[in-house]
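Undergrad: Here you go, sequence then predicted model.
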2 protein chains.
Amino acid sequence: MGTETSPAWVDHVAAALERAGHRSGAARQAVVELLGEQDCCLTAQEIFDTLRDRDRAIGIASVYRVLELLSSLALVQRIDVNDSAARYEALHPSGHHHHHLVCDECGQVIAFEDRGLEEAIESLSEQLGCAVESHDVLLHGSCPNCTVPAAA
Amino acid sequence: MGTETSPAWVDHVAAALERAGHRSGAARQAVVELLGEQDCCLTAQEIFDTLRDRDRAIGIASVYRVLELLSSLALVQRIDVNDSAARYEALHPSGHHHHHLVCDECGQVIAFEDRGLEEAIESLSEQLGCAVESHDVLLHGSCPNCTVPAAA
DNA sequence: GCGCCCAATGATAGTTGCTCTCACTTGGCC
DNA sequence: GGCCAAGTGAGAGCAACTATCATTGGGCGC
């Protein structure tokens, strides 16, 4: 894990923020860089804790503020996995993204992608007569670890 | 609206609860009947308020308790629409169900169904090597009302 | 029908994820 | 360097949800 998402997205965000008339700031920068490193979604608390551990501590209010801003500019996607805390992840300008399987046993969130699914959703949005801007697919089940009882 | 989901599902729930060794109770009965009438999802608060308006008031704690029980028995599905309150709706034993479009303008939740989408998810779950028990697709965009600026 | 036992219920206090407020700091144009 | 708005952080506030616990009532044995 680590570099999949990194530099291009961080630059993209910087450009988009500047275009939208925002200044740079330490807290926002730290959150963006952290999100850029991730392969999958993080909760606000995880972002807060990780930055504190790295001696780049910022206020929890700033975490939420940055996430809301990025979300409103379609730079991150908010994902709700039914475990009370929302998660956020980088949203690529290319539209390339993935979806999530939530393990109902251990709570782990696993990312996956599937072309067929994307196509089904695309053709669906045309039929609906609504402007579909983003979509999120959430599967519930058991992850490989929990599926095999012996390995649990 | 009103009768699409109704009697069969309520009976199904009653049977499943008895099978699981639960007694009947007024609060639970009221929640199940209300859910059985719905075509789409309700929040816990909506359930609480509606029952109070019908002079079948029950404690808010009971609402949550019943929803959790039904959810754990796969009799209702919990849906998180990113607006802070979770929503719940009847889950049919036939597997027949629908998904949701959330209007980012007005917050309205619209139900839809699509065979192609279901098929894509089914074939996907086979590939994943995980036991997928349920799935939920959430589209974000604008509902017909909000899509046409003139009608807003 | 009567009584007993435990599941079901409801009021309320507590927890928690998140938002609001406001004083302070900082970036960036002059 | 000075100014001012944007950015930030601490902490209060809010709302959804959960835990607790005393009371109620369903349903079985009698």
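TA: Structure received.

Undergrad: What strand or helix carries A:Gln77?
TA: Element membership for A:Gln77, per DSSP states H and E: strand A:76-79.

Undergrad: so what secondary structure elements neighbour that strand?
TA: Packing contacts for strand A:76-79, counted by 3 or more CB pairs under 8 Å, 6 or more residues apart in numbering or on different chains; DSSP states H and E, involve helix A:60-72, strand A:87-90, strand A:131-142. To be clear about C-beta, it is placed using only N, CA and C from the backbone, and glycine gets the same treatment.

Undergrad: if you average pLDDT over the strand or helix carrying A:Gln29, what comes out?
TA: Here A:Gln29 sits within helix A:26-37, counting by DSSP H and E. Average pLDDT, helix A:26-37: 97.

Undergrad: by contact count, what packs against it?
TA: Secondary-structure packing of helix A:26-37 (3+ CB pairs under 8 Å, 6+ apart): helix A:6-19, helix A:44-53, helix A:60-72, strand A:87-90.

Undergrad: winner for burial among these?
TA: Highest mean neighbour count of these: strand A:87-90, a mean of 24 (counted as mean count of other CB atoms under 10 Å in any protein chain shown).

Undergrad: which outside residues touch that one?
TA: The contact list for strand A:87-90 (CB atoms under 8 Å, 6 or more residues apart in numbering or on different chains) reads A:5, A:9, A:35-36, A:38, A:40-44, A:47, A:67, A:70-71, A:75-81, A:109.

Undergrad: could you redo the last one with a cut-off of 6 Å?
TA: Strand A:87-90 is contacted from outside by A:5, A:9, A:35, A:41, A:43, A:67, A:76-79, using CB atoms under 6 Å, 6 or more residues apart in numbering or on different chains.

Undergrad: Also stretch A:52-72?
TA: Stretch A:52-72 is touched from outside by A:27-28, A:30-31, A:44, A:47-48, A:51, A:76, A:78, A:88, with contacts defined as CB under 6 Å, 6+ apart.

Undergrad: what do you get for stretch A:103-121?
TA: Contact with stretch A:103-121 is made by A:40, A:81, A:83, A:98, A:100-102, A:135, A:140, A:142-143, A:146, B:116-117, B:120, B:124, as judged by CB under 6 Å, 6+ apart.
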